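S.K.: Model the following, please.
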Amino acid sequence: MENAVSQAWKDKPETIRSYYENLSTYQRLCEEVEYILDKKIKYSGIKIGSLTSRAKTLESFCEKIQRKKYDDPMREITDLSGVRIVFLYSSDRIRLEQLIESEFHVIEKVDKFAQQKVEQFGYGALHYIIKLKEQHAGARYDDLRNASCEIQIRTILQDAWSVVAHHLSYKQEEDIPNELRRKLHALSGLFEIGDDQFEGLNRSRTEYQLRVAESLDSAAETSLDTDLNLDSLLGYLASRFPDREPSTQDNVADLLHELNKFGYKSLREVEEVIKAALDALLAQEKVYPPSNSDTDEETQYVGVGLVRGCLSFMNHDYYKYINPHAVNDRRGEFSHLIKR
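M.R.: Numbering: from 1, shown residues only. Got it, this is the predicted structure:
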């Protein structure tokens, strides 16, 4: 890399100076595109593994202009700013495509996976070249508006393949020794199958949660005998409190840990606590509503909060566990509403 940098300084000093003069623009464009994507992805509920950005390093820039022999590198190189989205489930890809194409002006879209022939080496991803839309107005955008940014979207396994392939330094089929070629083809096939299996597992999990919720909605007596696990609890909360904001998966996982710690093993045991204490908790919520931690505005309990509140009424040890430093114990004001 040092040779590439030295050679570039010798051959194209004006290009290297231009790189340095514009480096802050590339970095700010990365940050802006990453910010927009992070905000929109969180709002959409798409599950991702990571969202990262980077401005192209001098070493990488010099290596590329030496290898590609550009006439005008600053205009022809389109990935001086780059953002990468690594997502979990292949079915979310189309939603990510729609999100990117609605938020940015797309200059180019290349599906490197779809372009590969069946017998071809590698495991591709989706690449975009984008620019900010005109809606991003103001002084902070004046020098970003005409700059382009590359966005790569990959599944976790596509990303893993890319890391391994980069380490092996095989850029194309002809680089691979014949005795290793078959193994690499088999491995890339296994990665593709792995993506399909992850997708199937996620679909099965969603179907299980729906079955739990539907069985509870049908008032089937046996449905409450379901053992507590993360998915049965997610389905239960969705069915039991349909008018409340859904709880995050992490919060439901924390609640499951607490329920297990205090000996609750089935949905029926949780439902008995809810039936007994819900009226008391709702009366308490009306008089002393919880507040949003970000805005301090009054709000309502989500499903996890309702379960925790009912458990606090019915299990004093649990109450002390989640409120170890409580000063005002307001349960007594509403305990007459508990159904014994």
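
S.K.: what's the helix or strand hosting residue 182 packed up against?
M.R.: Taking DSSP states H and E as the definition, one finds residue 182 inside helix 178-217. Counting contacts by 3 or more C-beta pairs under 8 Å, 6 or more residues apart in numbering; DSSP states H and E, helix 178-217 is packed against helix 156-168, helix 230-240. Using the backbone N, CA and C atoms, a C-beta is placed for each residue, glycine as well.

S.K.: can you do 10 Å?
M.R.: Under the contact criterion of 3 or more C-beta pairs under 10 Å, 6 or more residues apart in numbering; DSSP states H and E, helix 178-217 touches strand 149-155, helix 156-168, helix 230-240, helix 267-287.

S.K.: got the CA positions of the third one in CSV?
M.R.: Backbone C-alpha positions of helix 230-240 (Å, rounded to 0.1, in the frame of the first residue of the first chain) are rendered in CSV as follows:
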residue,chain,number,x,y,z
LEU,A,230,-39.9,-15.9,24.6
ASP,A,231,-42.2,-16.5,21.7
SER,A,232,-45.2,-17.7,23.7
LEU,A,233,-44.9,-14.7,25.9
LEU,A,234,-44.7,-12.4,22.9
GLY,A,235,-47.8,-14.0,21.5
TYR,A,236,-49.6,-13.7,24.8
LEU,A,237,-48.9,-10.0,25.3
ALA,A,238,-50.0,-9.3,21.7
SER,A,239,-53.3,-11.1,22.4
ARG,A,240,-53.9,-10.0,26.0
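
S.K.: what mean pLDDT does the helix holding residue 182 have?
M.R.: Average pLDDT, helix 178-217: 80.

S.K.: Stretch 145-160 now?
M.R.: Stretch 145-160 carries an average pLDDT of 89.

S.K.: Only C-alpha atoms, please: export it in PDB.
M.R.: Provided in PDB are the C-alpha atoms of stretch 145-160 (Å, rounded to 0.1, in the frame of the first residue of the first chain):
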ATOM      1  CA  ARG A 145     -25.700  17.700  -2.700                       C
ATOM      2  CA  ASN A 146     -23.600  16.700  -5.800                       C
ATOM      3  CA  ALA A 147     -21.400  14.100  -4.000                       C
ATOM      4  CA  SER A 148     -22.200  10.500  -4.500                       C
ATOM      5  CA  CYS A 149     -22.300   7.700  -1.800                       C
ATOM      6  CA  GLU A 150     -22.200   3.900  -2.200                       C
ATOM      7  CA  ILE A 151     -24.700   1.900  -0.100                       C
ATOM      8  CA  GLN A 152     -24.100  -1.800   0.200                       C
ATOM      9  CA  ILE A 153     -26.800  -4.100   1.600                       C
ATOM     10  CA  ARG A 154     -26.000  -7.700   2.600                       C
ATOM     11  CA  THR A 155     -27.300 -10.400   4.800                       C
ATOM     12  CA  ILE A 156     -25.100 -11.400   7.700                       C
ATOM     13  CA  LEU A 157     -23.900 -14.500   5.800                       C
ATOM     14  CA  GLN A 158     -23.200 -12.500   2.600                       C
ATOM     15  CA  ASP A 159     -21.100 -10.200   4.800                       C
ATOM     16  CA  ALA A 160     -19.300 -13.100   6.400                       C
END
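
S.K.: What residues sit buried inside it?
M.R.: 147-159 (16 or more other C-beta atoms under 10 Å).

S.K.: now stretch 78-86
M.R.: By 16+ other C-beta under 10 Å, the buried positions in stretch 78-86 come out as 78-86.

S.K.: Could you export these to CSV, including columns for pLDDT and secondary structure?
M.R.: Formatted as CSV, those follow (pLDDT from 0 to 100; DSSP: H, G, I helix; E, B strand; the rest coil):
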residue, pLDDT, secondary structure
78, 86, coil
79, 88, coil
80, 90, coil
81, 93, strand
82, 94, strand
83, 96, strand
84, 95, strand
85, 96, strand
86, 94, strand
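
S.K.: ok, those vs residue 265, which is closest?
M.R.: Taking C-beta to C-beta as the measure, residue 265 lies nearest residue 86 of the buried residues of stretch 78-86, at 36.7 Å.

S.K.: I'd say the closest one and residue 160 touch.
M.R.: Yes. Between residue 86 and residue 160 there is a contact under C-beta atoms under 10 Å: 9.3 Å.

S.K.: Now the terminal residues of stretch 72-92, how far apart.
M.R.: With C-alpha to C-alpha, to the nearest Å applied, stretch 72-92 spans 37 Å between its terminal residues.

S.K.: Many thanks, I have nothing further to ask.
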